[in-house]
Each structure stands twice: as structure tokens, then as C-alpha cells.
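1. coords please:
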Amino acid sequence: MQNFEQIGAELQRRGKTGELRALAESEDGARLASMLDAAALERAAKTGDGEALRRMLGAALKTDEGRRLAAGIRKMMENGT
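-> Numbering: from 1, shown residues only. Next comes the predicted model:
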């Protein structure tokens, strides 16, 4: 799996960082962020706990907000270079 830096570099190369930021700052993004345990997410990312990250992502994607954001990201990436 790519690390966060590689993913970020790819998004920047494709010119998608602004679009991704807009999705994150959308109403759905704000609602989803309020549902997540930011400290647990940061801890899992810093320690490389892939299982915890998968669990959190899976739970987020089960929400309406998460599904809409995922669809937006998918569409954004399909419409790029």
C-alpha cells in the first residue's frame, strides 16, 4: 500500500488537492469528521496500525456521508489526468 506522502504527491501531480480539500470541508466531510475519534485516527496513522485504520475507514464508509464522500473522490479521480 502506498504511504500518505506518495498518495499526497500523486494527488498534487494530478492537481486534485484543492478538490480533495473542498470535499473534506463539505457538509458531509464535517459530519464525518465529527464522528471520527481524531486521536485514535492520528495514533493509528503514526504507528502504522493498518488494521485500526481499515476498521475506522470501514465504519466511516458505512455512513451515508462516507459513501457520498467516497463517490465524490472516485469521480474526482476518474476525471483527472
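
2. helices or strands up against the longest helix along the chain?
-> Ranked by residue count under DSSP state H, the longest helix found in the chain is helix 64-78. Where contact means 3 or more Cβ pairs under 8 Å, 6 or more residues apart in numbering; DSSP states H and E, helix 64-78 is packed against helix 17-24, helix 27-35, helix 50-61. Every C-beta, even on glycine, is put in place using the N, C-alpha and C of the backbone.

3. the inter-axis angle of the second one versus helix 64-78?
-> So the one you mean is helix 27-35. If you take axes from the mean of the first three to the mean of the last three Cα atoms, to 10 degrees, helix 27-35 sits at 130 degrees to helix 64-78.

4. residues contacting the longest helix of the chain, please?
-> 14, 16, 19-20, 23, 26, 28-29, 31-32, 35, 60-61 (Cβ atoms under 8 Å, 6 or more residues apart in numbering).

5. please point out which parts of it sit buried.
-> Neighbour-count burial for helix 64-78, with 16 or more other Cβ atoms under 10 Å as criterion, is recorded at 65, 66, 68, 69, 72, 73, 76.

6. quick check: the gap between the third one and residue 15.
-> Okay, so that is residue 68. 22 Å (Cβ to Cβ, to the nearest Å).

7. thinking again about what came up before, can you redo the helices and strands packed on helix 64-78 as TSV with mean neighbour count and mean pLDDT?
-> Output for those, formatted as TSV (neighbours: other Cβ atoms under 10 Å; pLDDT from 0 to 100):
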stretch	mean neighbour count	mean pLDDT
helix 17-24	14	88
helix 27-35	14	92
helix 50-61	13	92
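
8. just to revisit the earlier point, quick check: angle from the longest helix of the chain to helix 17-24?
-> 170 degrees.

9. avg pLDDT for helix 64-78?
-> Helix 64-78 shows a mean pLDDT of 89.

10. next, the angle from that helix to helix 50-61.
-> Using the same axes, to 10 degrees: helix 64-78 against helix 50-61 is 100 degrees.
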